[in-house]
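> Sequence first, predicted model second:
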Amino acid sequence: MTNDRTDHSVNQAVLEQAGQLPRAVTPDRDLWPGIAGRLGEQLPAEEATANPAVVTPIHSQRLLPERWQAPALAASLLVALLLGYWIGREGTDAPSSAPMVTETTPGTGELRPVSLVEEVGLLEARNAMAAEIEAGLDRLPADARIVVIDNLTAINKALDQIDAVLEQAPATGLDRQLLISMYTDQLARLSSVQALVMNSNQEILL
Amino acid sequence: MTDNSPSSPDIGTPATAPVEPASSAMPQAPAEDTLPRELAAARNGDERAFERIYRQTVDAVYGLCLRLTANPTLAEDCVQQTYLQAWRNLRRFRGDSALSTWLHRIAVNEVRGHFRKEARHDVDATEDEVAGPAAAAGSDIDLERAIADLPERGRAVFVLVGVYGYPHEEAARMLDMAVGTSKAHFHQARRRLQQRLGSSR
C-alpha cells in the first residue's frame, strides 16, 4: 500500500516535471544560413516521392488499393476479437496481478514465460504471412518494395520489444490490453502489406 | 483505461493544436499572431519573411527534434530539412492548425524518415552521441537523460504527449500509429522513467 502510494507520487512528479520542461531549445549555431542556401534548390525526384507526408494527410497515404482495405480491416478485427477473447478468458482464470503465462519446458521442469503471440497461435500466422510477403517482394515495384521492407522492419522491431517486455515483467491486465493494442496495430500493417503483395501478384497474372 | 498525460489532454478534443498545460511555468508559444503577414509574404517567395518565421519558431522545432533524436547534430539536420520542406509546401498550409503544430508534424516526419533510413542501412546510433537538451538544470537533467534513453517510439510518444502536451490522437497521427499504440508506448515510457528516476527521489 505504501509502495503503491510512493509509486503514484513518483509517477505524478515525473509527469509534472516532464510537462514543465522547456519546449524551446536554442540550437548551438545559427542554422538559417544552411537553410537559406538551399531554398532555391530544385526538389530531387527521389526526395519528392520519398517524403510526401509533409502535406498529405497520413491516412490518405495508405499502401492499399481501396478494394483491399476491407479485407485487411476484417483480418485485423478477427485478430482483435481473438485477442479480446483470450484476455477475457485469462481475466476469469487468474488474478490480474498474477504472472502472465508460464509453461514447463519438456524434460526439464523449468518454467519459462510463454509469448503472447505463441499463446494465441499468432506467431505461426505471422510467420506464414511474412513468408508469403517475402516470396512476393521481388514482384513489387522498387518504390513499393522499399516501403514494404520499412514496414516489415518496424513490425519486427515492435514485436521484439513486446516479447522482451513480456518476458521481463509479469504483465497486469492493463499492460496486456495496451500491448495487445500495439500488437494488433502491427498486425494490421502486416495485413496491409500482405494484401499489397497479393494485389501485385494478381495484376501480374492478369 | 486511465490516461495520466501531464497536461490532461482531452482525448475527445480536435487535435488541431497542442493542449497547453495550465501552468505559468510553461514557456509561451511563439507569437503567431504576428505571423500571418509573414506567411503571406513567404508564400509569394519572400525569403526574408520566411527567415522571420524561422527565427520565431526554430527554438520550438529544435527542442522537439533534439528530444526525438537525442542527438544534437542529427537534430540540426532535421531542423534544416523541416524548414526546407515547409518552404516548399507553404502554399499548401491552409492554417487549419497552428503553424507550430504544422512545423512539428513536418519535424516528426523528418525524424521518422531518418530513423527509417537508419534501419534500412542498419546503422546504429552510438551511445556516446545520446544527449538531451543541455540547458536543463538540476533534476531536469536526469529526466532529460532518462527520456533520451527511452526506446525510439516510446521516446517519441512521451516527448509529444508528456513534454509538448499533444493529445494522443495528434501524437498518433504524427507518428502514424493507432491511438491505442500511442497510449501503450506512453504507458511503457512512463513506467521506465518512473523506475529509473523513482529510486533517486
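Received the coordinates, thanks. Residues are numbered from 1 along each chain as shown, chains lettered A, B, ... in the order given.
> Buried residues, the helix or strand where B:Ala146 lies. List them.
Here B:Ala146, judged by DSSP states H and E, is contained in helix B:139-148. Applying a neighbour-count criterion of 16 or more other C-beta atoms under 10 Å in any protein chain shown, one finds B:Asp140, B:Asp142, B:Leu143, B:Glu144, B:Arg145, B:Ala146, B:Ile147, B:Ala148 buried in helix B:139-148. Placement of C-beta: from N, CA and C, glycine included.
> which strands and helices sit next to it?
helix A:2-19, helix B:47-69, helix B:179-198 (3 or more C-beta pairs under 8 Å, 6 or more residues apart in numbering or on different chains; DSSP states H and E).
> Downstream of the shortest one, the next helix or strand is which one?
The first helix or strand that comes after helix A:2-19 along the chain, using DSSP H and E, is helix A:32-36.
> pull the CA atoms of that following helix into PDB?
In PDB, the C-alpha atoms belonging to helix A:32-36 read as follows (Å, rounded to 0.1, in the frame of the first residue of the first chain):
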ATOM      1  CA  TRP A  32      19.500  29.700 -41.100                       C
ATOM      2  CA  PRO A  33      22.500  30.100 -43.500                       C
ATOM      3  CA  GLY A  34      22.300  26.400 -44.300                       C
ATOM      4  CA  ILE A  35      18.600  26.700 -45.000                       C
ATOM      5  CA  ALA A  36      18.800  29.900 -46.900                       C
END
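> Just the mean pLDDT for it, thanks.
For helix A:32-36, mean pLDDT rounds to 93.
> elements contacting it?
Packing partners of helix A:32-36 (3+ C-beta pairs under 8 Å, 6+ apart): helix B:47-69, helix B:72-89.
> what sits up against it?
Contacts with helix A:32-36, where a contact means C-beta atoms under 8 Å, 6 or more residues apart in numbering or on different chains, come from B:Glu47, B:Glu51, B:Tyr54, B:Arg55, B:Val58, B:Gln80, B:Tyr83, B:Leu84, B:Trp87.
> Buried ones in it, by neighbour count?
Going by neighbour count (16+ other C-beta under 10 Å), the buried part of helix A:32-36 is A:Trp32, A:Ile35, A:Ala36.
> With respect to B:Ser182, which of those residues is nearest?
Nearest to B:Ser182 among the buried residues of helix A:32-36 is A:Ile35, at 30.5 Å by C-beta to C-beta.
> any idea how far the closest one lies from B:Val111?
Counting by C-beta to C-beta, to the nearest Å, the gap from A:Ile35 to B:Val111 is 17 Å.
> before we move on, what about B:Arg88?
18 Å.
> Which one's more surrounded, the two?
Shown here are B:Arg88 and B:Val111; by other C-beta atoms under 10 Å in any protein chain shown, B:Val111 has more neighbours (25 against 18).
> Which residues are in contact with the residue nearest to B:Arg43 when sequence neighbours are not counted?
Computed as C-beta to C-beta, 6 or more residues apart in numbering or on different chains, the closest residue to B:Arg43 that is not its neighbour in sequence is B:Leu90, at 4.9 Å. Shown in contact with B:Leu90 (C-beta under 8 Å, 6+ apart): B:Leu39, B:Ala42, B:Arg43, B:Phe50.
> Low-confidence stretches in chain B?
Residue ranges of chain B with pLDDT under 70: B:1-34, B:119-139, B:199-201.
> Can you give me the domain assignment for it?
Listed by automatic domain parsing, the domain ranges of chain B are B:32-131, B:137-201.
> and these, which is most packed in?
Among the domains of chain B, domain B:137-201 has the highest mean neighbour count (mean count of other C-beta atoms under 10 Å in any protein chain shown), at a mean of 21.
> got a markdown table for the helices and strands packed on helix B:139-148, with distance to B:Ala98 too?
Shown next, in a markdown table, are the helices and strands packed on helix B:139-148 (distance: least, C-beta to C-beta, whole Å):
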| stretch | distance to B:Ala98 |
| --- | --- |
| helix A:2-19 | 19 |
| helix B:47-69 | 10 |
| helix B:179-198 | 20 |
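> Poorly predicted segments of chain A, please.
Along chain A, segments meeting pLDDT under 70 span A:1-10, A:42-130, A:133-134, A:137, A:142-143, A:154-190, A:192-194, A:196-206.
> Surely A:Val140 and A:Ile149 touch.
Quick fix: residue A:140 reads Leu, not Val. No: A:Leu140 lies out of contact with A:Ile149 (C-beta atoms under 8 Å); the separation is 9.7 Å.
> the more surrounded of those two?
Ranked by neighbour count (other C-beta under 10 Å), A:Leu140 and A:Ile149 place A:Leu140 first, with 21 against 18.
> Pop out the phi and psi values for that one.
Torsion angles at A:Leu140 (phi, psi; degrees, to the nearest 10) stand at phi -80, psi 150.
> ok, back up a step: following the helix holding B:Ala146 in sequence, what is the next regular element?
Assigned by DSSP H and E, the successor of helix B:139-148 is helix B:152-157.
> Could you name the helices and strands sitting against that following helix?
If you count contacts as 3+ C-beta pairs under 8 Å, 6+ apart, helix B:152-157 packs onto helix B:47-69, helix B:99-121, helix B:168-175, helix B:179-198.
> Could you provide these in TSV, with additional columns for distance to B:Leu160?
Shown next, in TSV, are the helices and strands packed on helix B:152-157 (distance: least, C-beta to C-beta, whole Å):
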stretch	distance to B:Leu160
helix B:47-69	8
helix B:99-121	7
helix B:168-175	4
helix B:179-198	8
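> Redo the ones you listed as CSV? Include distance to chain A.
CSV is the format used below for these (distance: least, C-beta to the nearest C-beta, whole Å):
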stretch, distance to chain A
helix B:47-69, 4
helix B:99-121, 5
helix B:168-175, 6
helix B:179-198, 3
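> give me every residue that touches the residue most central in space within chain B.
The residue lying closest to the centre of chain B (C-alpha atoms, centre = their mean) is B:Leu64, at 3.6 Å. By C-beta under 8 Å, 6+ apart, B:Leu64 lies in contact with A:Arg23, B:His104, B:Ala107, B:Val108, B:Val159, B:Leu160, B:Tyr164.
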